[in-house]
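Peer 1: the sequence and its predicted three-dimensional model are supplied below.
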Amino acid sequence: MSDLRELYQEVILDHNKRPRNFEELPDAERRATGHNPLCGDRVEVFLDLEGDRVRRVTFQGAGCAISQASASLMTEAVEGKTLAEAEALFESFHDLLTDGPTAGARDLGKLEAFAGVKDYPMRVKCATLAWHTLREALRSGAGAATASTE
């Protein structure tokens, strides 16, 4: 089990040091800004859609290693998904961190690196900030929205 935990830590550290899709999309169809007032983490998520499919998703922001790695892994997981699939992925990830429903839970791949976060309730907000922000962008229609982990 410690080998698996070390692998997960490496995934999180790698995505924190070298975040994927860390850039602004100036002409993004949808965008949302998220803020965790408890620790100061901030993130902005940018979405380009092709029909009901996420063509491109990027983010910018600043925060702890957990929040930045989660945002980076989120962009990789969501790109190419339909809006419904992205919403379902949000639910599965949120359940992973909050001991929510597990019956029929989907394989989250690298996102399972965050499973241990549920043991640290204050860190759950860090790990889910980008996801709540993504959800706001998905639901906002054209334009901008704001999310918070309060």
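Peer 2: All right, it came through fine. These figures come from a predicted structure and were not determined experimentally.
Peer 1: quick one: mean pLDDT for the lengthiest helix in the chain?
Peer 2: What stands out as the longest helix in the chain, according to DSSP state H, is helix 121-140. On average, the pLDDT along helix 121-140 is 94.
Peer 1: now do that helix: which elements does it pack against?
Peer 2: On a contact count with 3 or more C-beta pairs under 8 Å, 6 or more residues apart in numbering; DSSP states H and E, helix 121-140 meets strand 30-35, strand 42-50, strand 53-62, helix 65-78, helix 83-98, strand 143-148. C-betas here are computed from N, CA, C, even on glycine.
Peer 1: tell me which of those sits most buried.
Peer 2: helix 65-78 (a mean of 24; mean count of other C-beta atoms under 10 Å).
Peer 1: need the residues that contact that helix.
Peer 2: Contact with helix 65-78 is made by 11-16, 19-22, 36, 41, 43, 45, 54, 57-59, 61-62, 86, 89, 93, 108-111, 113-114, 117, 123, 126-131, 134, as judged by C-beta atoms under 8 Å, 6 or more residues apart in numbering.
Peer 1: how about a cut-off of 6 Å?
Peer 2: 12, 15-16, 19-21, 41, 43, 54, 57, 59, 86, 89, 110-111, 123, 126-127, 129-131 (C-beta atoms under 6 Å, 6 or more residues apart in numbering).
Peer 1: average pLDDT across that helix?
Peer 2: According to the model, helix 65-78 has a mean pLDDT of 97.
Peer 1: compute the inter-axis angle for it and helix 83-98.
Peer 2: Between the axes of helix 65-78 and helix 83-98, defined by axes from the mean of the first three to the mean of the last three C-alpha atoms, to 10 degrees, the angle is 150 degrees.
Peer 1: what angle do helix 65-78 and helix 121-140 make?
Peer 2: Using the same axes, to 10 degrees: helix 65-78 against helix 121-140 is 40 degrees.
Peer 1: how distant is helix 65-78 from the center of its chain?
Peer 2: 5 Å (C-alpha atoms, centre = their mean, to the nearest Å).
Peer 1: over to stretch 74-89?
Peer 2: 10 Å.
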